[in-house]
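> what shape does this take:
(one chain, ligands or ions: 1)
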Amino acid sequence: MLLANKHILLGVTGGIAAYKTPDLVRKLTAQGATVRVVITHAAAEFVSPMSLQAVSGNPVHHTLLDPAAEAAMGHIELAKWADILLIAPATANCLAKLAMGLADDLLTTLYLATTAKVILAPAMNQQMWKAPATQVNLSTLQQRGVSVLGPADGEQACGDVGVGRMLEPMDIVCQLTATPTELLKGKKVVITAGPTREELDPVRYITNHSSGKMGYAIAEAAVAAGARVELISGPVTLSPPVGCSLHNAISAEQMHQRVMQNIDEADIFIATAAVADYRPKQVASQKIKKNNDELTLTFVKNPDILKDVANLPNAPFTVGFAAESENVETYARKKLVTKKLAMIAANDISAQGLGFNSDKNALHVIWKEGEKKLPATSKTSLAQSLIALIAEQYNKKST
Ligand code: PMT
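Just a heads-up that it's a prediction; the model follows:
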């Protein structure tokens with residue numbers, strides 16, 4: 001009963017995924033929530049208000065100008081009643097109206113009138129999801145503290161394949177019950193992720209085994225916790241978490257530049273990337289030929305992104321990672337002090353099946369006044385625990 005005593009106002013807008021909402025209502029009520037449903041005219045083409053009334057046990061609201069409804073629970077009362085306004089499915093049209101602040105129906109009016117936590121589960125055609133207008137609307141809403149769950153990747157009702165499917169009701173309920181949605185509400189969080197590549201010649205480069213999975217999971221957890229996330233990513237093959245702004249970088253120098261371009265007014269900086277400490281002094285303009293038995297290269301030091309951020313005049317709460325294969329805690333504590341960090345996550349990369357390019361990891365998180373061991377688990381779950389810990393310590397520091 002993880003949603004016991006929660007008042008959830010479920011907004012249903014007009015997409016094919018609306019047919020899943022009776023199941024969603026059942027799963028929410030099974031967790032102890034009281035659910036009231038607001039449905040748009042278009043949504044009523046996809047799901048019957050009568051079904052939603054039957055499963056929620058409450059009348060379904062659909063018109064703004066309905067004297068009978070206003071005489072019972074009026075729209076302002078409904079807005080005040082809600083702890084959470086969950087809109088599922090949220091169509092592209094709905095996102096646009098919310099971002100614009102239009103109030104031409106009951107649901108959009110409620111969005112403006114409520115102080116409840118607003119959570120969207122978008123659903124639309126994959127091309128509509130990718131459309132710049134949709135992405136701008138989404139980021140506007142997120143900057144205002146709206147949380148976004150999904151959408152998922154896969155086959156769509158229209159036959160397309162891609163990102164745009166509404167999350168399954170079970171996934172929505174899991175995220176609602178697991179997500180610490182208020183922890184970083186409105187905070188700006190800058191995160192580095194993945195490896196860097198340092199060029200040797202037109203065809204070769206030096207890199208490492210970082211997949212970006214840890215950093216991307218942290219970005220996702222930070223978005224879920226209500227943060228505005230700038231993700232600075234090295235070359236990886238992952239899709240960026242929904243709801244964060246992605247900035248690509250290849251080399252350490254480029255990553256340094258992107259971080260500095262985005263660090264203004266950041267509240268928290270998390271350096272998950274495996275940045276090359278050195279780069280070749282010279283990049284050959286032509287492919288290096290194998291004329292000799294030995295090849296000697298000279299390297300020069302790359303800028304230290306983490307150290308430079310931690311030493312800024314208005315430095316954010318700066319969290320470093322320490323990937324170590326021996327003396328893990330000792331080296332991590334040294335980095336915490338010498339780089340002037342608020343926190344460091346020590347990563348024992350000698351542990352089997354954890355760390356680089358794995359789906360699992362474990363961390364020993366250390367800060368000046370304390371420490372916490374986060375045991376081995378999926379990077380998704382570990383990232384949620386790490387974000388909760390960072391938020392706790394950040395909030396202590398800033399109060
Ligand atoms: O990407 P995955 O496959 O999911 O793997 C995750 C991970 C193992 C890469 C990640 O959990 C991790 O441990 N990242 C830190 C890797 C690393 O390079 O650690 P380091 O000890 O060399 O660097 C210390 C810290 O300084 C790190 O926060 C690093 O991002 C930062 N750094 C290092 C060098 C540099 N020039 N600039 C930096 O900002």
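> without its sequence neighbours, what residue ends up closest to the residue of the stretch 1-150 of the chain found nearest the ligand?
Minimum separation of the stretch 1-150 of the chain from the ligand (CB to the nearest ligand atom) falls at residue 150, amounting to 21.9 Å. C-beta coordinates here come from the backbone N, C-alpha and C atoms, glycine included. Excluding the flanking residues, the one nearest residue 150 by CB to CB, 6 or more residues apart in numbering is residue 167, at 3.9 Å.
> what of residue 27?
Nearest residue to residue 27, sequence neighbours excluded (CB to CB, 6+ apart): residue 173, at 4.6 Å.
> what do you get for residue 98?
Among residues not flanking residue 98 along the chain, residue 111 sits closest, at 5.4 Å (CB to CB, 6+ apart).
> average pLDDT across whichever strand or helix holds residue 87?
Secondary structure from DSSP states H and E places residue 87 in strand 84-90. Strand 84-90 comes out with an average pLDDT of 97.
> cool, and stretch 330-339?
Stretch 330-339 carries an average pLDDT of 96.
> buried stuff in it?
Using 16 or more other CB atoms under 10 Å as the test for burial, stretch 330-339 gives 331-333, 335-336, 339.
> just send those residues back as CSV, with secondary structure too.
Conversion of the buried residues of stretch 330-339 to CSV gives the following (DSSP: H, G, I helix; E, B strand; the rest coil):
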residue, secondary structure
331, helix
332, helix
333, helix
335, helix
336, helix
339, coil
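> and the residue nearest to residue 27, how many neighbours?
Using other CB atoms under 10 Å, residue 173 has 22 other residues around it.
> still on that earlier bit, how close does the residue nearest to residue 150 get to the ligand?
23 Å (CB to the nearest ligand atom, to the nearest Å).
> that's a strand at that residue, yeah?
No. Using three-state DSSP, the secondary structure at residue 167 is coil, not a strand.
> for it, give me its contacts.
Residues near residue 167 by CB atoms under 8 Å, 6 or more residues apart in numbering: 121, 149-152, 175.
> filter those down to the buried ones, PyMOL style.
The PyMOL command for the buried members of the contacts of residue 167 (criterion: 16+ other CB under 10 Å) is given here:
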select buried, resi 121+149+150+151+175
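> in the chain, which spans are helices?
Assigned by DSSP state H, the chain shows helices spanning 21-30, 49-56, 67-73, 75-81, 92-100, 106-113, 126-130, 132-143, 169-178, 213-224, 252-262, 305-310, 328-338, 379-398.
> for the residue nearest in space to the middle of the chain, which non-adjacent residue is spatially closest?
Central residue of the chain (CA atoms, centre = their mean): residue 220, 2.5 Å from the mean position. Spatial nearest neighbour of residue 220, excluding adjacent residues (CB to CB, 6+ apart): residue 241 at 3.8 Å.
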